[in-house]
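[1] Generate a structure from the sequence data that follows.
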Amino acid sequence: MIDLYTWGTPNGRKVSIMLEEVGLPYTVHKVNIGEEEQFAPEFIKISPWSKIPAIVDPDGPGGEPISLMESGAILIYLAEKTESSLLPTEPRARYSVLQWLMLQIGGVGPLFGQAHHFLKFAKHDVPYGKARYKGETLRLYGVLDVRLEESAFLAGDDLSIADIATYPWVARHEWHQADLDEYPSVKRWFNVLTMRPTFEAGMKVPFLN
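    Have a look, this model is predicted:
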């Protein structure tokens, strides 16, 4: 039974979707980042950077427990642990997945996150911040749309951890002031994934009410 430490953020929901996809049992531990529970000493032992998500797998490599932070690393770990097709072993297919996963980690996550901050949560109006990060976010929607015009999923014809990583961020498209009708291939991809029971279940973790 994997212990998942999470909250209702895009990064947190990447891992719950992944756990649903690979069918591993897990226990959810809510880490309320609004109440700064991520800075509790017991959580820092698991996630030294005080960020969710994190996992503890009592049956890690060699049968020994392992704790992991950083959602991208966790997705790779879970895919390899379960020998899942979500991260292929064939080199070309594998690197296709990894490059789109890294785009999410290095581009989609940071830029969409800044758009969230300036467009929704900033205590003061910062026109430059709004314009810059909304513009960069919409540019990334365009990149995704071009890619998804030529393939069913981000890395090719099959679902992968790159899609799992990106979907929860696109799920907040209204926060980005992004109209998915302007990105028809992203919209098609988003709707396909929204209908998957594993994605639906993973997006509900943790229940916040």
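[2] okay, now the domains of the protein?
    Using automatic domain parsing, the domain parsing of the chain gives 2-84, 91-198.
[3] And the last one, how far out from the chain middle?
    Centroid separation between domain 91-198 and its chain, computed with C-alpha atoms, centre = their mean, to the nearest Å, is 10 Å.
[4] and what of the shortest one?
    Its chain's average C-alpha position is 12 Å from that of domain 2-84, according to C-alpha atoms, centre = their mean.
[5] end-to-end on it?
    Using C-alpha to C-alpha, to the nearest Å, the gap from the first to the last residue of domain 2-84 comes to 17 Å.
[6] Ok, the longest one next?
    Using C-alpha to C-alpha, the gap from the first to the last residue of domain 91-198 comes to 27 Å.
[7] Give me the mean pLDDT for it.
    Taken as a whole, domain 91-198 has a mean pLDDT of 97.
[8] Then the first one?
    On average, the pLDDT along domain 2-84 is 97.
[9] hang on, the earlier thing: now distance to Pro206 and mean neighbour count too, for the domains of the chain, in JSON lines please.
    All C-beta atoms are positioned from the backbone trio N, CA, C, and that covers glycine. Output for those, formatted as JSON lines (distance: least, C-beta to C-beta, whole Å; neighbours: other C-beta atoms under 10 Å):
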{"stretch": "domain 2-84", "distance to Pro206": "5", "mean neighbour count": "18"}
{"stretch": "domain 91-198", "distance to Pro206": "13", "mean neighbour count": "17"}
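[10] which helix in this structure runs the most residues?
    Among the elements of type helix in the chain, defined by DSSP state H, the one spanning the most residues is helix 127-150.
[11] What helices and strands are in contact with that one?
    helix 109-116, helix 184-194 (3 or more C-beta pairs under 8 Å, 6 or more residues apart in numbering; DSSP states H and E).
[12] out of the ones you listed, nearest to Gly23?
    Distances from Gly23 to each of those were compared using C-beta to C-beta; the shortest belongs to helix 184-194, at 17.4 Å.
[13] all strands for this protein, in order.
    With DSSP state E, the ranges of strands along the chain come out as 2-6, 26-30, 54-57, 66-69.
[14] Spell out which strands sit alongside the second one in the sheet and which way each one runs.
    I take that to be strand 26-30. Looking at strand 26-30 with DSSP bridges, its partner strands are strand 2-6 (parallel).
[15] phi, psi of Pro58?
    When read as degrees, to the nearest 10, the backbone of Pro58 gives phi -70, psi -20.
[16] ok so, going back, I'd like the domains of the chain as CSV, with distance to Val205 appended.
    CSV is the format used below for the domains of the chain (distance: least, C-beta to C-beta, whole Å):
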stretch, distance to Val205
domain 2-84, 4
domain 91-198, 11
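[17] For Phe207, which of these is the nearest?
    domain 2-84 (8.5 Å).
[18] mind giving me JSON lines with the helices and strands packed on helix 127-150 and columns for distance to Ala73?
    Listed next are the helices and strands packed on helix 127-150 as JSON lines, based on distance: least, C-beta to C-beta, whole Å:
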{"stretch": "helix 109-116", "distance to Ala73": "13"}
{"stretch": "helix 184-194", "distance to Ala73": "22"}
